[in-house]
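[1] structure, please.
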Amino acid sequence: MFTSSSMDMLSMVVFKDKIEEVVSRLVRLGIFQPVDIRKIEEEVSSLTSLEIEKENTELQALEITFREILRKLNVSIEPSRDIETFSVESVNEIFKSLDEKLSAILSERQDLVGELKTTESMFAQIRDYFAFPLKRGAYYTFLQVNLGKVDEKNLAVLERSLREIPHLFYPVRKQDGKIITLTIGLRRDRAVIEKILKDVAFQEIEFPEGGQDMSGDVENKLKEKIDGYKKRIEELDFRVNKIAKEHEGVLRKIRAFITLKKSLIEAKKFSCVTDKTVILSGWVLRKDKDKVTSEIKKIAGVSYIEKKRAEELNIPKEDIPVYLEHSAIFKPFELLISSYGLPRYGTIDPTIFVAISFLIMFGAMFGDLGQGLSLVLIGLLIRRTKSIKIKQASTLLVYCGISSSIFGVLYGTIFGFEEIIPAVWIRPMENILEVFKISVMFGIAIISLGVLVNIINALRDKDYIKALFDKAGLITGIIYWLAIGFISKLFVAEKNIPSIYLILISAGIILIFLKPVIEVIFRKKKETLFVSFMESLVDILEIIMGYLANTVSFIRIAAFSLAHAGLFLAIFELSRLLRGVGGLPLSVLVIILGNILIVLLEGMVVSIQSLRLNYYEFFSKFFVAGKHVYKPLTMRGL
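    Numbering: from 1, shown residues only. Got it, this is the predicted structure:
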């Protein structure tokens, strides 16, 4: 709970023909993070990697084809839980068969969509122009309109020739053995249309004076074409959906196969080979090592498995992966930790401390029962999303709302009104000095906790000099606590302050100044003593100024709690003034908008300040960053 999960290194020697089965089993377990053992153990540093270049290239091509098939089918496929073994060739055959079925359908659909768009555009233009009788083609800006006669025997030829361009062909009536036709196309195709008409001996005739209003007939003709296109597109879509449903099972299995294959290749990147065997190493949680070992031993051909604790390996602790394991209550606070950094393996995990301090600080600066419940409601509404990160953030918002509500009860305020509920504890505006004093005391407690955590981290690392002489070590902590006691006695105006305070503080400062001598004795440090003493002098000044600034910084908790109350006073005063101008509705509106402004603006500012106090005043005392998050190989999606 207070440290990251313990890690072990598992190394296994496997015959080459069994590596695929072993890695597959590890991937399905989802608790093994492979690592290149050659960078850890010098004895195997000369071994070569397993050859995966060809396999990786084939898989990438397969994945690209799979994505293209899904795009054509317009579906999203989840991987199957039952993993079936395919060969790359068999998968490609399935893809080829599917592509052949889809190509003709999709090609026709694409042509139809183009025709539909053009016809709909023509329909829109005709509706604009044909609200009056038809005129000669030159009259229209976007359309080419031709009225004329053509021999009945050439009618079919004319229709076939016009198929290649967007058009409307409308036989009006039969006259003297010829068909009077109306041809409408786009202006851009004028040359093509005129050539086609010339080839079928089309005889242009004049539009009668006043014109014959055929716009209704033309619109109906176009509507029929548009409806025909849409119906055919729906039919093609139905056929595509049918193909997708028929092949859903095999596609899910293929997706699972590709996903597994990707993880297998990822694991093989970290393996190394001898003549007949493959060495595969990786990190597992200590609690899971027996599970992994027993599962792998079920496979014949595993000749050797070695287990080592992370602490036994000759590698920096920063290189050991970190896994923070918390209950659902504290899990959302990992967002606050990860935004600062990852605590190094073996150090104290500050998540629980941050959860408590962050909520106390937020509530103290933003104490209001009504606004707190509003934050809870907003958080619950946001929590409906599927995103894990957003769910965690919304849970944090709910927690902040609960903290704000609790402090609202303690302060006796609901939406800024202090007359509705009594204050269980204190009203900040009526007890300003008390609020400041409590804020500083809380800051002292947080800083002291940071020093204590740093001492524990140093002792866990067996770095006793750091535990004693660090800027947040035991000696510095004692100096800080003695200084707090000395200043406290000054404030209560005691005449006879024991000199032991100053003596012990001076002794502590001298010990820190002599730190270089101790390092030369115990660490065999080679720097010159003059440089080291100058560094010690700078450290002493930094400790004095730093701890003073850290402590004073917590005054902002009191300042923001007073600012919160002060904003309400300003809003209520503005509401009172506007009540005489716009009456009660305007007055109530100002109070509502004022509360919304405070929730949005001050809520964000208070969150930032709570984080800042944790990051700069608390974490700065002890936090040592790690480099890697524990990321075991799993059946992750494409």
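
[2] contacts for the helix or strand that contains residue 24?
    Following DSSP states H and E, one finds residue 24 within helix 19-29. Contacts to helix 19-29, defined as C-beta atoms under 8 Å, 6 or more residues apart in numbering, come from residues 12, 14, 32, 50, 83, 260, 263-264, 267-268, 271, 278, 280, 282, 291-292, 295-296, 298-299, 302, 633-635. (Each C-beta comes from the backbone N, C-alpha and C, glycine too.)

[3] what about burial for those residues, which qualify?
    Neighbour counting by 16 or more other C-beta atoms under 10 Å classes 12, 14, 32, 50, 83, 260, 263-264, 267-268, 271, 278, 280, 282, 292, 295-296, 302, 633 among the contacts of helix 19-29 as buried.

[4] out of those, which are inside helices?
    Among the buried ones among the contacts of helix 19-29, the members falling in helices (DSSP state H) are 260, 263-264, 267-268, 292, 295-296.

[5] wait, which of those residues is closest to residue 593?
    The shortest approach to residue 593 among those belongs to residue 263, at 53.6 Å (C-beta to C-beta).

[6] residue contacts, that closest one?
    Taking C-beta under 8 Å, 6+ apart as the criterion, residue 263 is in contact with 23, 27, 633-636.

[7] and the chain, what are its domain boundaries?
    The chain breaks down into these domains under automatic domain parsing: 4-49+269-343+627-638, 51-129+222-266, 133-212, 348-621.

[8] quick one on the thing from earlier: reformat the ones in helices among the buried ones among the contacts of helix 19-29 as CSV; add pLDDT and distance to residue 107.
    Output for those, formatted as CSV (pLDDT from 0 to 100; distance: C-beta to C-beta, whole Å):
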residue, pLDDT, distance to residue 107
260, 86, 34
263, 85, 37
264, 86, 37
267, 86, 41
268, 86, 40
292, 91, 51
295, 87, 50
296, 86, 51
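
[9] quick check, pLDDT for residue 480.
    Looking at residue 480, its pLDDT stands at 96.

[10] so for it, what's the nearest residue that isn't a sequence neighbour?
    residue 547 (5.4 Å; C-beta to C-beta, 6 or more residues apart in numbering).

[11] which strands or helices does the helix or strand harbouring the one you found pack on?
    Using DSSP H and E, residue 547 sits within helix 529-553. Judged by 3 or more C-beta pairs under 8 Å, 6 or more residues apart in numbering; DSSP states H and E, helix 529-553 is in contact with helix 432-460, helix 474-491, helix 500-513, helix 515-522.

[12] the second one: which residues count as buried?
    For helix 474-491, a neighbour-count test (16+ other C-beta under 10 Å) marks 474-480, 482-486 as buried.

[13] and of those residues, the nearest to residue 586?
    Of the buried residues of helix 474-491, the one sitting nearest to residue 586 (C-beta to C-beta) turns out to be residue 484, at 51.4 Å.

[14] ok, now which ones touch the closest residue to that closest one other than its chain neighbours?
    Among residues not flanking residue 484 along the chain, residue 444 sits closest, at 6.0 Å (C-beta to C-beta, 6+ apart). By C-beta under 8 Å, 6+ apart, the residues touching residue 444 are 484, 551, 554.

[15] quick check: the gap between the first one and residue 445.
    In other words, residue 484. 11 Å (C-beta to C-beta, to the nearest Å).

[16] ok, the last one next?
    From residue 554 across to residue 445, the span is 9 Å (C-beta to C-beta).

[17] more neighbours: the two, which one.
    Between residue 554 and residue 445, residue 554 has the larger neighbour count (other C-beta atoms under 10 Å), namely 23 against 12.

[18] mind checking pLDDT for the more buried one?
    Looking at residue 554, the pLDDT reads 97.

[19] what are the contacting residues of stretch 565-574?
    413, 416, 427-429, 590-591, 594-595, 598, 602.

[20] what about the stretch 101-250 of the chain, any weak spots by pLDDT?
    122-141, 206-219 (pLDDT under 70).

[21] can you tell me the closest non-neighbouring residue to residue 116?
    residue 229 (4.2 Å).

[22] go on, residue 73?
    residue 244 (4.3 Å).

[23] residues contacting that neighbour?
    Here residue 244 is in contact with 73-75 (C-beta under 8 Å, 6+ apart).

[24] got phi/psi on residue 186?
    phi -90, psi 150 (degrees, to the nearest 10).

[25] run a quick neighbour tally on it.
    Residue 186 has 18 neighbouring residues, counting by other C-beta under 10 Å.

[26] distance of it from residue 121?
    Between residue 186 and residue 121 the distance is 8 Å, computed by C-beta to C-beta.

[27] and residue 289, by the same measure?
    On the measure of C-beta to C-beta, residue 289 and residue 121 end up 68 Å apart.

[28] please say which of the two ends up with more neighbours.
    For residue 289 versus residue 121, the count of surrounding residues by other C-beta under 10 Å is larger for residue 289: 22 against 13.

[29] is the more buried one in contact with residue 309, as I believe?
    No - contact criterion C-beta atoms under 8 Å: residue 289 and residue 309 do not qualify, at 9.6 Å.

[30] mutual contacts of these two, please.
    Joint contacts of residue 289 and residue 309 (C-beta under 8 Å, 6+ apart) are residue 8.

[31] dihedrals phi and psi, residue 6?
    phi -70, psi 140.

[32] identify the residue nearest it in space, chain neighbours excluded?
    residue 286 (4.0 Å).

[33] for residue 383, see how far away the residue nearest to the spatial centre of the chain is.
    By C-alpha atoms, centre = their mean, the chain has its centre lying nearest to residue 389, at 6.2 Å. Residue 389 sits 12 Å away from residue 383 when distances are taken as C-beta to C-beta.
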